[in-house]
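# Can you look at this prediction? I've put the sequence above it.
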Amino acid sequence: MSGASISLRSVGKSFAGRTVLSDLDLDIAAGQFVSVIGPSGAGKSTLLRLVAGLDAPSLGRIELRATGQKADVRLMFQEDRLLPWRTVLGNVLLGVKGRRDDAMRILDAVGLQGREDEFPVGLSGGQRQRVALARALIHEPDLLLLDEPFGALDAITRAAMQLLLEQLLKARPRTVVLVTHDVEEALLLSDRVLLVKDGGIARDLIFDQPRPRHRGDAALATLKEELLDGLLTAERDVAAVA
Amino acid sequence: MAPSQGRRSKFSFMTDVSLLFRPAEAKAAGRTEPFARTGEPMVTVVADVSRPSEVSGSRANGLAWRSFILPWLLPFGLLLVWQFLSATGIVSTAIVPAPSDIWEAARELTARGELQRDILVSLRRVAIGFSIGALGGLLFGVAVGLFEPLHDLFDRSLQMIRTIPHLALVPLMILWFGIGEEPRLILVAMGALFPVYINTVGGIRNVDPKLIELGKSYGLGRAELVRSIILPAALQPILVGMRYALGVAWLTLVVGETIASRDGVGYLVQNARELLRIDIIVVAIILYAIAGWLSDFITRLVERRLLRWHPNYADRVKA
């Protein structure tokens, strides 16, 4: 099993008359790591919420396909959304019955061994996101959706979390869609980068640089410049309209 | 250069308060002078700890002092002043009896067994009335909070009934039930019901929608969502409501027992008034104070246990 495939056909979404996404066609292969970047308010998170089934599209069809069973989808948000009244272990076991050993193993993998009986109130931001990651991964999802999960973390913690995510995915590959503001993060982690702009996909970039990748790689640096340029023109367009 | 120099001197002057009072000693201890001479480096010692500080003996003593002795200083001080004023005749004991007289009255009542009996009777009434009212408020609140149709059906009416001061029903209750046990229990229960009801409904309806969305996206069914997310999230406001309801329950009991009763602490007061026994009235008032403080203390213990995950209560992080 290496994840679910996604297909979107003429998908549109508008909120109270304001069109956020329009006539979107997109195919994501099973096991692909796709990053979605774009200016603020371009509809990145909306796209993710549509795929997660949290919101229904105004128009169009969204399909998930997994081998043998219904695709299992888990979401990780920018805020950790831990339940403060549950211990670390209790949070990981949300919606899961009697899999204490698996939970302990996953907590071990995210570097939180020995913290399982603590309440979230005592954890740092990075540790809280580790718990949230463990909570998503215990379900062994076919599709992992990440909505700027490391956006609120400091640079060092963010780098550590990116590394952790890469290791965990290497051990058990699955389809991942990551929404991020951080172009570098997108290029470090993904096989494919989508630039969302004006309610559609402005660029669709396959990036097959060998791993592990480094922030200093020449190919990465060139692409980063290019994508940042694309983002900045988009932001300028938004400013001009406003 | 000159203005910045001036600012720095002023800063050190403000931090090092001891210099204001004991310049000679401070100089002797080798500390900075309040006004540095130009060109000389200036050191401001913000902290200098040579020994790792655990809770030392003197600090533990300080804590004991702060948490046990300090809160009692004012009541006992007042008691002493009061005794002094009565003993010297500055305040007539016919108006306010001396603390020693009140102590005597309490002992006399205890010796006759009246005090114990009345306290037990009152405690029992509060316990029964509060339990009925709080349970009713909780059940109604959960039902109305969780089910939109029930909210539409009941909430308006309950909010309207709530605005009636329940003590206004005392005459009605006496007419309907006489001065038996029922009117008091009903009044106490009514007093306790609404604070719990309102806080339960509010707590449930104000649960962070992000957490509910999380629960749904993690495949929780309706029952599991209520059990794992909605009720724990509403727990804090519910407990606030309970605490408030307990206060209202005591207040209601005082009024209920004072107006129509043959026993209980309120009756004690009523009887004492007829016999002009001011000392007994004061004993009863002190009893109410102790009872109120005790019930608040117990609810706070419960809160501390149930909300131990909450940042405000998380002095012990381990489960």
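Happy to help now that I have it. Numbering: from 1, shown residues only, chains lettered A, B, ... in the order given.
# for chain B, which spans come out with low pLDDT?
Applying pLDDT under 70 to chain B flags the ranges B:1-38, B:52-61, B:260, B:314-319.
# what ranges do the helices span in the stretch 151-300 of chain B?
Shown for the stretch 151-300 of chain B, the helices assigned by DSSP state H, counting those that start in this stretch span residues B:170-177, B:181-205, B:209-217, B:222-225, B:231-259, B:265-274, B:278-306.
# what about residue B:99, how many neighbours?
The local packing of residue B:99 (other CB atoms under 10 Å in any protein chain shown) involves 20 other residues. For glycine as for every other residue, the C-beta is placed from the backbone atoms N, C-alpha and C.
# In three-state terms, how would residue A:196 be classified?
Here residue A:196 is strand, with the state taken from DSSP: H, G, I helix; E, B strand; the rest coil.
# Scan chain A for its longest helix.
For chain A, the helix with the greatest residue count under DSSP state H is helix A:218-241.
# hmm, back to that, of all the helices of the stretch 151-300 of chain B, which lies closest to residue A:199?
Of all these, helix B:209-217 sits nearest to residue A:199, with 23.7 Å by CB to CB.
# Tell me the helix or strand right after the helix or strand that contains residue B:111.
Element membership for residue B:111 (DSSP states H and E) is helix B:99-112. Once helix B:99-112 ends, the next helix or strand along the chain (criterion: DSSP H and E) is helix B:114-146.
# Next, the buried residues of that next one.
B:114-115, B:118-119, B:121-123, B:125-126, B:129-130, B:132-134, B:136-138, B:140-142, B:144-146 (16 or more other CB atoms under 10 Å in any protein chain shown).
# coming back round to it: can you list the helices of the stretch 151-300 of chain B in TSV and add distance to residue A:218 and mean neighbour count?
Listed next are the helices of the stretch 151-300 of chain B as TSV, based on distance: least, CB to CB, whole Å; neighbours: other CB atoms under 10 Å in any protein chain shown:
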stretch	distance to residue A:218	mean neighbour count
helix B:170-177	87	14
helix B:181-205	56	23
helix B:209-217	40	17
helix B:222-225	50	13
helix B:231-259	50	21
helix B:265-274	86	19
helix B:278-306	58	16
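# now for those, which one comes closest to residue A:179?
Checking these against residue A:179 by CB to CB gives helix B:209-217 as the closest, at 15.2 Å.
# Mind listing residues that contact the longest helix of chain A?
Applying CB atoms under 8 Å, 6 or more residues apart in numbering or on different chains, the set of residues contacting helix A:218-241 from outside is A:37-39, A:41-42, A:183-184, A:186-188, A:193, A:195, A:197-198, A:202-203, A:205, A:207, A:209, A:213-214.
# mind listing what residue A:140 touches?
Residue A:140 sits next to A:72, A:172, A:174 when contact means CB under 8 Å, 6+ apart.
# Mind doing that once more with 7 Å?
Going by CB atoms under 7 Å, 6 or more residues apart in numbering or on different chains, residue A:140 touches no other residue.
# Name the SS class of it, please.
Secondary structure, three-state DSSP: residue A:140 is coil.
# thinking residue B:213 is in contact with residue A:53, fair?
No - using CB atoms under 7 Å, residue B:213 is not in contact with residue A:53, being 11.2 Å away.
# what do the two both touch?
Counting by CB under 7 Å, 6+ apart, no residue touches both residue B:213 and residue A:53.
# which stretch of helix or strand covers the spatially most central residue of chain A?
For chain A, the residue nearest the mean C-alpha position is residue A:146 (2.1 Å; CA atoms, centre = their mean). Assessed by DSSP H and E, residue A:146 sits inside strand A:143-147.
# That strand to helix B:209-217, inter-axis angle?
Here strand A:143-147 runs at an angle of 170 degrees relative to helix B:209-217 (axes from the mean of the first three to the mean of the last three CA atoms, to 10 degrees).
# outside of strand A:143-147, which residues touch it?
In contact with strand A:143-147 (CB under 7 Å, 6+ apart) are residues A:3-4, A:45, A:48, A:51-52, A:64, A:71, A:73-78, A:136, A:174-179.
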